[in-house]
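> A predicted structure for the sequence below; I have some questions about it.
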Amino acid sequence: MTEDVDALVIGAGPAGLMAAEELALAGRRVVVAEAKPSPARKFLMAGKSGLNVTKAEPMERFLSAYSPGWLAPMLRAFGPKEVQDWCRGLGQEVFTGSSGRVFPVAMKGSPLLRAWLRRLEGRGVSLRTRWRWTGFQGDGFAFDAPGGAQVLRPRVTVLALGGASWSRLGSDGAWVPWLRDKGVEVAPWKPANMGLRVDWSLPMARVFGQAVKGAMLRTRGGSSSPSGTPRDGTRRLPEGLEEHRGEFVVSQKGLEGGGIYAVARPVREGAALELDLMPDVPAEEVAARLARMRPGESAANQLRKLGLSPVAVALVMEWGRGQPLTVIKALPVRHLGPRPLDEAISVAGGVTAAAVTEGLELRALPGVFVAGEMLDWEAPTGGYLLTGCWATGRWAGRAASQSG
């Protein structure tokens with residue numbers, strides 16, 4: 001069956017729903033096609049432990065979290081302040097935590113999503129679930145739908161199908177060959193905000209699931225490792241050095257958590273990673289404290305007396321055996337590389353900046369726009385990812401509303 005539609009959005013995640021809202025506000029009749037039985041599954045999963053919608057910080061610092069920087073105009077137009085106002089417009093009050101992260105008072109994503117879907121329905125947006133895009137058919141978009149094969153021929157289209165991680169929630173990257181066949185440049189996928197694989201020794205099993213808190217994670221080198229002032233603006237760093245203070249978890253598979261995600265990009269590109277397990281104590285003071293301890297005392301006891309947690313002691317014994325205990329100021333992390341792509345929270349790669357116009361319209365497919373994680377950008381966790389998806393969805397939706 002073939003159907004002519006006005007405006008089509010493929011993908012009902014944050015970027016797709018934002019594009020649909022902008023199209024509807026412009027008076028377009030919008031159909032949203034979603035492959036899964038319900039919309040925004042990755043959004044809801046990300047919000048189960050607290051939906052971090054954005055990061056309240058000065059704009060230039062906020063923009064520095066995104067790589068590459070080509071999303072800057074979109075983020076300036078819909079940044080932290082606009083995200084908070086938008087949430088309030090849905091009846092979802094927000095608050096800012098001590099780290100600058102912004103959350104709905106309800107914390108979870110489901111109340112915000114329900115309010116948003118009600119508003120979209122009121123604006124005439126038609127949501128069709130279990131409609132899986134299967135590629136192009138002539139000048140139309142082919143779908144595997146509940147009623148059988150369907151072809152939609154829209155006047156304008158926004159693609160918001162996500163990247164290639166968490167495929168069980170809908171982001172499987174199946175669209176890549178279809179766009180490449182049409183001449184669209186798509187950069188290869190790379191994991192972002194991912195854990196690191198570690199082949200642990202047997203004694204490490206006793207600390208699996210424990211968090212290392214307050215450590216400084218430091219990267220050296222790597223093809224993408226920046227130099228200069230770190231994002232917190234504390235001090236200037238030597239060339240090729242980057243550091244982030246954060247928390248991470250030792251798991252059976254390796255290392256994961258926000259501290260690891262913050263250094264994921266330089267580590268993925270080849271930078272060496274080391275830990276400072278006592279970042280508030282100078283190396284000279286650590287050495288002096290160790291020198292005052294009783295001779296012959298075990299290394300583990302000395303580390304405990306320094307104030308290290310059991311999991312931090314275990315890491316020193318794993319990676320620093322045979323080294324002076326001052327190695328805790330620069331403990332090398334011996335890992336086997338990133339965890340698999342599908343386990344990553346987000347991805348780098350996707351439709352390149354060169355493949356789209358300033359309005360995110362595909363140069364090779366006039367009338368077709370792209371938003372969200374389909375685009376080639378990456379950012380750390382902490383509200384940046386969600387703001388990036390909303391900002392690009394809004395930008396593409398506004399541009400698309402003037403097309404066709």
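Noted; the coordinates are in hand.
> Just name the shakiest helix or strand of the protein by mean pLDDT.
Within the chain, no helix or strand scores below helix 41-46, which has a mean of 90 by mean pLDDT, DSSP states H and E.
> following that helix, which helix or strand comes up?
Along the chain past helix 41-46, the next helix or strand (assigned with DSSP states H and E) turns out to be strand 54-55.
> Okay, and the residue lying farthest from the centre of the chain sits in which element?
Distance from the centre of the chain peaks at residue 295, with 48.2 Å (Cα atoms, centre = their mean). Using DSSP H and E, residue 295 is not contained in any helix or strand.
> hmm, back to that, please write out the alpha-carbon positions of the least confident helix or strand of the chain in CSV.
These are the backbone C-alpha positions of helix 41-46, laid out as CSV (Å, rounded to 0.1, in the frame of the first residue of the first chain):
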residue,chain,number,x,y,z
ARG,A,41,12.8,3.5,24.7
LYS,A,42,16.5,4.5,25.0
PHE,A,43,15.3,7.8,26.6
LEU,A,44,13.3,6.0,29.2
MET,A,45,16.1,3.5,29.9
ALA,A,46,18.6,6.4,30.4
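> Now it: buried residues?
Buried residues in helix 41-46, defined by neighbour count with 16 or more other Cβ atoms under 10 Å: 41-44, 46. Placement of C-beta: from N, CA and C, glycine included.
> ok, the spatially closest residue to residue 2 that is not a sequence neighbour - contacts?
Distances taken as Cβ to Cβ, 6 or more residues apart in numbering put residue 151 closest to residue 2, at 4.5 Å, once the chain neighbours are dropped. By Cβ atoms under 8 Å, 6 or more residues apart in numbering, residue 151 lies in contact with 1-3, 137-138, 140-143.
> Name the residues that touch stretch 169-181?
Under Cβ under 8 Å, 6+ apart, the answer for stretch 169-181 is 11, 13, 34-36, 41-42, 45, 133, 135-136, 159, 161-165, 167, 186, 189, 351, 362, 365, 373-374.
> List buried residues within these.
Using 16+ other Cβ under 10 Å as the burial test, the contacts of stretch 169-181 include 11, 13, 34-36, 41-42, 133, 136, 159, 161-165, 186, 189, 351, 362, 365, 373-374 as buried.
> So which of the residues you listed sit within helices?
41-42 (DSSP state H).
> Can you give me the distance of residue 375 to residue 150?
Residue 375 is 27 Å from residue 150, where distance means Cβ to Cβ, to the nearest Å.
> Tell me which of the two has more neighbours.
With other Cβ atoms under 10 Å as the criterion, residue 375 and residue 150 differ in neighbour count, and residue 375 comes out ahead with 27 against 20.
> Give me the buried positions along the lengthiest helix in the chain.
Longest helix of the chain, by residue count under DSSP H: helix 384-401. Buried residues in helix 384-401, counted by 16+ other Cβ under 10 Å: 384-401.
> Over to stretch 141-156?
Buried residues in stretch 141-156, counted by 16+ other Cβ under 10 Å: 141-143, 145, 150-152, 154, 156.
> Most widely separated two among those?
145 and 156 (20.4 Å; Cβ to Cβ).
> mind checking how far residue 174 is from residue 207?
Distance of residue 174 to residue 207, computed by Cβ to Cβ: 39 Å.
> got it, and residue 162?
34 Å.
> Give me the below-cutoff pLDDT ranges for the stretch 101-250 of the chain.
222-239 (pLDDT under 70).
> ok, what's across the strand from the residue lying closest to residue 139 once chain neighbours are set aside?
Spatial nearest neighbour of residue 139, chain neighbours left out: residue 153 (6.2 Å); criterion: Cβ to Cβ, 6+ apart. Counting by DSSP bridges, residue 153 forms beta bridges with residue 4.
> Let me see the contact set for residue 153.
By Cβ under 8 Å, 6+ apart, the residues touching residue 153 are 2-5, 139-141.
> of those, closest to residue 94?
The closest of those, once distances to residue 94 are taken by Cβ to Cβ, is residue 5, at 34.6 Å.
> Show the contacting residues for that closest one.
29, 31, 152-155.
> biggest separation within those, which pair?
Maximum pairwise distance in the contacts of residue 5, criterion Cβ to Cβ, is 13.6 Å, between 29 and 153.
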